[in-house]
Every structure is written in structure tokens, then in C-alpha cells.
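Novice: sharing a sequence plus its predicted fold:
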Amino acid sequence: MNAPASREFTKGFSKSNPVFVLLLGLCPTLAVSVTVHNAVGMALAMTFVLVCSNVIISLARDIIPPKVRIPCFIVVIATFVTIVELVMQAYMPPLYKSLGIFVPLIVVNCIILGRAEAFASKNAVGASLLDGLGMGFGFGWALVLLATVREILGHGTFFGYELVPGFQPALIMILPPGAFLSLGLMLGWINWRRSRRARRRQDTAPPLKLE
Amino acid sequence: MKAETKEQPLVLVVVLAVVCALAGLALGFVYQLTGPSIHIQKQKADRAALLAVHPGASPEGLKLVKTEHEAHGEQFEYHEVYDKPLDDDTKELIGYACEGRAQGYSSTIVVTVGLSPDASTITGIKITAQQETPGLGANCEEVESDTYIWNIFSPRAKAQAPKPWFQSQFSGRSIDGLVPEGKSYKDVRALSGATITTNAVVRATLDAVETFSTATSLGQVDAETSATWPEAEGGGEE
Amino acid sequence: MGIGEAFAILISTIFVYNFVLSRFLGLCPYMGVSKDTGSAIGMGMAVIFVMTLASAVTWPVYRFLLAPSTSNLWYQIFGGDPASYDLTRVLRTITFILVIAALVQFVEMFIRKVSPGLYRALGIYIALITTNCAVLGVAVLNVDMFFKGGEPVAASYLKSILQGFGAGIGFTLAMVLMSAIRERLDLADVPEPLKGVPIAFIVAGLMSMAFLGFAGLI
């Protein structure tokens, strides 16, 4: 059971990375990746919601009639998002303040509803759990990568610690344009790597295109 | 469950109702657990600005006073700050705290100002609301970190607590000394590339002081004196 | 609420704090639907309609069912201390998303019955809008900005509707601009790795930079 199980987990990192490959969950990715600290906080919150909702939906997949499955999924996801909101407000208020409206917006994160619909409602609990973990960490990985670039170039710090004395950061990186540009260039770089690997393997992998 | 029974409207409603009920139970349970903490955090936040401008204050030694005066469309209130809890008879007044606001570059800047008992000196300011440009005007709340990444584990780094440098320069300043000089204010270290925000913070501070004096007749500032403060606008912000 | 304030809300949601280019709300449909101007306009119209309606519907729900004030219906039925009926933290997210989902369903059914032609043009987009973070985002923003404690500020309802309307217009504006650029990008000589989504993001970044010029307007 090891090989297939671990693949459920690792696919979230590269092959089916929700942000870089599936292009889901873009709103929080761009908004929250201003500092690595925020990115980690958001990633953990989202992974918690994803894993919990995947597990519950997978447990109840035979009981929920197809006609009302979307409202049921929404209620389950919203419950866990509210739990995260309450816990954050109680124990981590500065993080809650800096994530702002993106904490309640986890409920409309396309990744969570997408995985519930596509995977959890059709698979066993164990696989759904791993899928949730994998997708959540893949999301977190993408978020942290983007946040690292933006924080180092835009603040001159990493996780709040100064890097180079006297470095004048590029302000644009922490403003909205910097987010769009960083993600666009990162996606372009990923495309380039894929096509290079494909060329070396002598078969054609089409570059990322939105249909 | 058989496929046909799943489609019955009654089953749909029952399933939805059960799901909602379970969700409600779960939420109620978590709310019970976290409710007290949230309440405590809110209290801490409400008092944080007041404690920041009066370092020697006791968290239970804050008394709200409402005045008849109106400022910015609301009833003006201020706090009396004591060094011991309010029910302690040996407490001493260490000052006052009130709020002032002024238009910044892209938002209204709200400042909590701490005043000495005779309202002649500013004990400190704390910016409580601003939406200025990140990296420029928003640096008014910036905490200057003395810790470089390779110093994380060095004991020397831990000894220096980071300070909000822009706000702390107002601690201990006499109100008389906050005078306009050219396009800005005298002896005020400005935010680089954000003179509008810098001046707005000073104006908000002066607004708090002036409103307090007018409302309580304490301190030497009155409407006539403050009318002579020109609105020192800065140059453009990048 | 004076005309100046109304104007300020509209300008701020359309230009200064544009929902897509400044607040990062509604990016998934923004990237997905902005490939040609016709569908961009169609989606935009649907979004304006849903966002305004959602603002109009979620406000009373918040005011009368959730917020801790004397107009709270639970307080009026059960009595006690109004402040203890603070359901905002616990139920806001769930109630809003369910209300919005139900609203979108009804709108879809209504349009299908009343005007099949319109449904053919807009119907698919309306379903997409439910999970659009922009709609939930504007509802949450309304109650954050226009409620103080449990009480609404002056002209709160009108301001919320105006903000929803302005947000929809801002979204449409950004989408139509993007679609116009993308239509021409298809004919341009874009480097291979950047073709498709990456160049769209870079264009969005440049547009966002342009919209930054509105900062300080309000």
C-alpha cells in the first residue's frame, strides 16, 4: 500500500500542484504571499480545513444524496473554516489580522470544494486524508515559494529577519503588481523547465495553457 | 442506501438538516472553548494602545471619561491613566490618553496620544489606524528590527527589543516643541519618501492635544493657539 | 449620505481598490473568462447583478439575525441581554455562503424561466459565480466596513449596496480591459514558456501597476 499511498501525497507537490499546475486557489496565493509568516499561517489553516473536510465528506460519501451534495459540502467546509477563524481569533490575533478577509474566504477556495467533489466523495477515508494533506502542502509550498521571493525582494527580510544590511527593497514586490508579475514569471519558468525536460525525453508535453 | 430512496425529497431535507445540526453542534462546542480567549484578546487589544503610550500604567488603572465636546462627529472621550488598579486607593494619576485623527496620503490616520498629568508633554503616541502605502507611509508603524538572519541564535540579538522608531521619537516631547518648520515639523525624523504621512501623524497628534485641551481646559492649548498651526503639507509621495 | 460620499464609495471600489487588481478577489474567473471580450462582458454583467443582490440580501441577514443589537430578531423573541446574541463570529461565514449559494440558484432558475435567451447567454457564468471569492468577499467587506460594534453606521444599507455595485463594475472593467489585451496577445509574438497563463498574469501585473496610480485619490 506504500507506493500508491505516497503518490497520493506527493502528487500535490509537483504533478498536480494546485497553484502551479491546476491554477486553483489563486486569490489567497497572491494576496497572502507578502510575507513568509503569513504564507505559512494561511497554508496551515487551509490544510487543516482541507484535510478535515476531505475526511468527513469521505466518511459520509455513501449517505449524502447527489442532489444535495454541494450544499452539504459547503456546510461542512464552512464549519471547519469557522472553527479555524475562532481558534485564530482566540490564540493568534496578529496572524488573524494580517490574513484579513482571506480567512473566511478559505470557504470558497476552489481547491477545497474541488477536491471534495473530485476525490473525497469518491474515495476511501485514508486516501482522502492523504490527498488533502498532499494538496494542502502543495498549496503551502507554492505560497511559501512566492512569499519568499516577494518578502526578500520587497522587504529585505525573510520571516521577519533582516538579510542584508542597507538593502533598499523594491517596493513594487509587496504591492499587487509585484504579486502578479512574480507569479507570472514563476509560471513561465515552470513552463520552460517542463518543455526542456520534455525535449530531453523526446516527447511533447504541451505547455500550460488555460482552456 | 438504495438509489431510489436517495432521491426522495424527504430524504434530501433530512440529510441537509442533520448535516446542519451536526455543524451547529460542532461550532457551538468550539465557540465554548475559544470564547473566553477571544474575549481576553479583545480586551488586551483595546488596552494595548493605552498601555503603549503610558509604559508605567496598570492594565486595570484605566478610566474612561466622556465629555460633552464633539470631535470628528463623535462624542470626545479620553482615559485617565493610573499606575495602580482603579480600586486601589494609593493609585496616582500618571496622565491622560486620547485620540486624534488627520487625513494622511490615502487614509485617515488615527493616533492615540498619551499626555502627562499637566498635559504639557507627550508621553508617547501609538498609531491605531492607517492604510498608507506599504513600504512608504505604512512604515510609520514599522518596527526597526535589529536582528539579522545570521544573528537569530546570538544572545546579543535577543537583548535588543525592536522598537517602533517613528512613533517612539514622540515620547517625552513637549507640546510647545512641536512647531512647524518649513514644509514639515521641527526635530521630527521623517519617513523617507513619505512626508505627507509624516506630517499627517504629527497633525493627528496635535489634533488629539488640541481637542483634549478644549474639552477639559487642561494644558495650554486652546482654539486660538492651534489656529496658528499651518497645515504643513509635504512634497509628493512616491 | 451625501452624493460626495456615494461618489467616493464608487470611485474607491472601481478604481482605487479595484477588486481584482488591488484586492485579489475573483481571480479564478478573471483568468478563465477573460479570453474574449464577448464572454467577458457577459460574465461581468452577471457578476454586477449577483454582487449587488448579494450585498442587498446579506446585509439584513447580518443586521437582524447575527449582529448583537436591539434589532436582533432573536433578542426580540427571547429577550435577555442584546450583547449576548453576538452570532457574528460563529455564524457569519456559513450564513453568508449559504445565502449566496441559494441566491445564485434562485437567480439562475428565475432567469431560465423568465428569459431563456438571457439564460443561454449568461446561465453558465451564474453557476460559476457561487464560488467566486469576490461575492463572498464583498459581503464580508460590507459588514466589516459599515458596522460598528453590532450597530450599522449611517446609511449602512445603501452604502453596502453601492459598494457591491461598484465592486461588480470594477470587476467588469478589469475583465473587459484584460480581454481586449488578451485578444491582441494571441496575435503577438510571445515567448513560448510565457504563452497562455503566464503572460496573462504579467499583463495583469502591468494593469495593476497602472491602477496603482489611483492611490491617494480618495
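Specialist: Nice, I can see it.

Novice: which stretches of chain B form strands?
Specialist: All strands of chain B, identified by DSSP state E, fall at B:62-71, B:74-82, B:93-103, B:108-115, B:121-129, B:173-174, B:180-181, B:184-185.

Novice: of all residues in chain A, which one is nearest the centre?
Specialist: For chain A, the residue nearest the mean C-alpha position is residue A:139 (2.4 Å; CA atoms, centre = their mean).

Novice: and the pLDDT at it?
Specialist: Per-residue confidence (pLDDT) for residue A:139: 92.

Novice: any idea which element it lies in?
Specialist: Secondary structure assigned from DSSP states H and E places residue A:139 in helix A:125-154.

Novice: skip ahead from that helix and say which helix or strand is next.
Specialist: strand A:157-158.

Novice: parallel or antiparallel, list what pairs with that next one.
Specialist: According to DSSP bridges, strand A:157-158 forms sheet pairs with strand A:161-162 (antiparallel).

Novice: at the contact with chain B, which residues of chain A appear?
Specialist: Taking CB under 8 Å from any CB of the partner chain as the measure of proximity, chain A contacts chain B at A:34, A:62-68, A:71-72, A:75-76, A:78-79, A:82-83, A:86-87, A:89-91, A:93, A:154-155, A:157-158, A:160-163, A:165, A:169, A:171, A:174-175. Using the backbone N, CA and C atoms, a C-beta is placed for each residue, glycine as well.

Novice: filter those residues down to the ones in strands?
Specialist: Secondary structure from DSSP E places A:157-158, A:161-162 of the residues of chain A next to chain B in strands.

Novice: neighbour-wise, which one of these leads?
Specialist: For these, neighbours were counted using other CB atoms under 10 Å in any protein chain shown, and residue A:157 has the most, 21 neighbours in all.

Novice: which residues of chain C lie near chain B?
Specialist: Counting by CB under 8 Å from any CB, chain C sits next to chain B at C:16, C:89-91, C:94, C:215-216, C:218.

Novice: filter those residues by proximity to chain A?
Specialist: Among those, the ones lying near chain A by CB under 8 Å from any CB are C:89-91, C:94.

Novice: of the residues you listed, the lowest pLDDT goes to which?
Specialist: residue C:89 (78).

Novice: in this structure residue A:158 contacts residue A:150, no?
Specialist: No: counting by CB atoms under 8 Å, residue A:158 sits too far from residue A:150 to count as a contact (10.8 Å).

Novice: tell me the contacts of residue 124?
Specialist: Looking at chain A here, since you left the chain open. residue A:58 (CB atoms under 8 Å, 6 or more residues apart in numbering or on different chains).

Novice: ah, I was thinking of chain B
Specialist: Residues in contact with residue B:124, defined by CB under 8 Å, 6+ apart, are B:52-55, B:113-114, B:167-168, B:170-171.

Novice: chain center to the helix or strand of chain C with the lowest mean pLDDT, what's the gap?
Specialist: The helix or strand of chain C with the poorest confidence is helix C:116-129; it has a mean of 73 (mean pLDDT, DSSP states H and E). Mean-position distance between helix C:116-129 and its chain equals 17 Å (CA atoms, centre = their mean, to the nearest Å).

Novice: who are the packing partners of that helix?
Specialist: Contact here means 3 or more CB pairs under 8 Å, 6 or more residues apart in numbering or on different chains; DSSP states H and E; on that basis helix C:116-129 packs against helix C:27-33, helix C:37-61, helix C:88-114.

Novice: on contacts alone, who are the packing partners of the last one?
Specialist: Which is helix C:88-114. Against helix C:88-114 (3+ CB pairs under 8 Å, 6+ apart) you get helix A:69-91, helix B:9-53, helix C:37-61, helix C:116-129, helix C:133-145.

Novice: now the nearest residue to residue C:16 once chain neighbours are set aside. Its backbone dihedrals?
Specialist: In this structure, residue C:16 finds its nearest non-sequential neighbour in residue C:214, 4.6 Å apart by CB to CB, 6 or more residues apart in numbering or on different chains. Residue C:214 adopts backbone torsions of phi -80, psi -10, taken as degrees, to the nearest 10.

Novice: I'd say residue C:214 and residue C:14 touch.
Specialist: No: using CB under 8 Å, residue C:214 makes no contact with residue C:14, being 9.1 Å away.

Novice: gap between residue C:200 and residue A:11?
Specialist: Residue C:200 is 25 Å from residue A:11, where distance means CB to CB, to the nearest Å.

Novice: er, residue B:87 actually
Specialist: The value you get for residue B:87 to residue A:11, if CB to CB is used, is 62 Å.
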